[in-house]
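> A structural model of the following input is requested.
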Amino acid sequence: MSKKLIAVAAASALALAGLVGIAPANSATGAFAVTTANAYSSQTVDRNGSTSAKAIKINVPSTDVLRSVANAGTTETGHSTAVYFDVTTPGNTDVVTVTSTGAVELLTTTQFDATTAPTTATGTQTLTITAASGDANFYAYTTSTTAGTVVVSSSGSSQTFYVQGVSFSPYKVAATAPATAALGSDFDVVATVKDAFGNDLTTALVFADFALSTVGATAPAALTYDATAKTYTFEYTAPATATGTALQISLAAAKQSTKVTAFGSPVNTAFFTVSAVDLASQVTALNAQVAALKADYNALAAKWNKRVASKTAPKKAVATK
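Predicted coordinates:
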């Protein structure tokens with residue numbers, strides 16, 4: 001081989017070696033993967049978000065503040081209101097798309113870390129993020145105790161996570177009571193307690209969480225909670241004499257919420273009146289009214305039938321009562 005050919009061959013080899021050493025701008029960094037942080041852990045359930053039964057759990061915001069902090073312990077009473085997602089992409093600058101369903105909302109890290117703190121009005125249900133060095137991050141929060149989903153997709157791969165809120169902060173009390181009650185009888189007042197977003201509380205309140213005020217009737221010393229209907233039933237006793245009664249059911253001071261502008265005014269108290277009446281006397285009075293109306297009807301019917309009989313009116317006779 002001539003010296004010229006040898007030189008060309010050497011140059012070609014060096015060029016190839018150089019090309020092999022140059023990686024493309026979007027070179028592979030690893031397999032697609034998604035991890036989460038700052039949600040509740042559990043000793044009995046693997047909360048990996050793979051199903052609704054294994055949903056990632058975070059607090060429903062109680063003061064319109066979003067925070068993502070490490071959960072200290074295994075109980076659902078921490079302070080994290082947003083779960084952190086860390087996405088690893090195959091390429092350095094792959095595009096990551098995120099969508100959510102239900103009441104789950106999404107935030108970029110820029111939004112979450114902004115000087116003006118994000119609120120429950122900040123999020124969206126669609127995000128597009130470009131990975132940096134094969135890494136992308138975002139946050140998710142929810143305003144519902146019903147599980148929603150977060151779907152993370154990139155480079156032909158996709159993973160779905162279920163996210164569910166837990167709620168411990170009462171914001172609105174409502175109650176229903178009968179208009180009347182028999183003298184000396186028991187009657188029920190049924191109440192509901194919701195958070196600021198209309199969710200039932202994750203853990204039911206107990207009798208000590210309420211304050212009862214009563215004028216006329218006798219207040220109960222306990223309540224009955226229906227775990228299916230999520231209702232609280234208070235059994236009162238009407239007074240023995242006919243009178244009006246005033247009843248007030250309030251949350252105890254420690255359970256009362258202060259106003260959060262974004263949530264509207266809290267309702268910490270339900271107030272209503274119930275009339276204690278003698279039902280037997282009412283039945284007697286109603287029977288007397290019915291008898292009087294019957295007598296009036298029969299008198300008119302008799303006059304009408306008399307006209308029919310005299311053929312002064314081309315109508316049929318009517319029956320008396």
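> just the strands in the stretch 201-321 of the chain please.
210-215, 224-226, 231-237, 243-251, 269-277 (DSSP state E, counting those that start in this stretch).
> got the contact list for residue 106?
Going by Cβ atoms under 8 Å, 6 or more residues apart in numbering, residue 106 touches 98, 100, 123-127, 138-140, 150. Using the backbone N, CA and C atoms, a C-beta is placed for each residue, glycine as well.
> assumed it was part of a strand.
Yes: Residue 106: assigned to a strand according to DSSP: H, G, I helix; E, B strand; the rest coil.
> count the residues that sit near residue 303.
Using other Cβ atoms under 10 Å, residue 303 has 9 other residues around it.
> got any ranges where the chain has weak pLDDT?
For the chain, the stretches with pLDDT under 70 are 1-30, 43, 71-78, 278-285, 287-288, 291, 309, 311-318, 320.
> helices of that one, start to end?
According to DSSP state H, the chain carries its helices in the segments 3-21, 109-112, 279-309.
> returning to that earlier point: could you dump the strands of the stretch 201-321 of the chain into JSON lines and include distance to residue 302?
Shown next, in JSON lines, are the strands of the stretch 201-321 of the chain (distance: least, Cβ to Cβ, whole Å):
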{"stretch": "strand 210-215", "distance to residue 302": "52"}
{"stretch": "strand 224-226", "distance to residue 302": "56"}
{"stretch": "strand 231-237", "distance to residue 302": "49"}
{"stretch": "strand 243-251", "distance to residue 302": "43"}
{"stretch": "strand 269-277", "distance to residue 302": "36"}
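> reformat those as TSV; add mean neighbour count and distance to residue 39.
Output for the strands of the stretch 201-321 of the chain, formatted as TSV (neighbours: other Cβ atoms under 10 Å; distance: least, Cβ to Cβ, whole Å):
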stretch	mean neighbour count	distance to residue 39
strand 210-215	15	31
strand 224-226	12	28
strand 231-237	19	30
strand 243-251	18	28
strand 269-277	16	35
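> of all those strands, which lies closest to residue 167?
Nearest to residue 167, of all the strands of the stretch 201-321 of the chain, is strand 243-251, at 14.6 Å by Cβ to Cβ.
> so what's the most centrally placed residue in the chain up against?
By Cα atoms, centre = their mean, the chain has its centre lying nearest to residue 199, at 3.0 Å. Residue 199 is in contact with 60, 143-145, 165, 167, counting by Cβ under 8 Å, 6+ apart.
> report the separation between it and residue 189.
22 Å (Cβ to Cβ, to the nearest Å).
> in contact with the nearest residue to residue 260 once chain neighbours are set aside, which residues?
The spatially closest residue to residue 260, leaving aside those adjacent along the chain, is residue 64, at 5.3 Å (Cβ to Cβ, 6 or more residues apart in numbering). By Cβ under 8 Å, 6+ apart, residue 64 lies in contact with 119-120, 260, 262-263.
> repeat that for residue 184.
Residues in contact with residue 184 (Cβ under 8 Å, 6+ apart) are 237-240.
> neighbours of the closest residue to residue 111 other than its chain neighbours, how many?
Spatial nearest neighbour of residue 111, chain neighbours left out: residue 118 (5.4 Å); criterion: Cβ to Cβ, 6+ apart. Residues near residue 118, counting by other Cβ under 10 Å, number 21.
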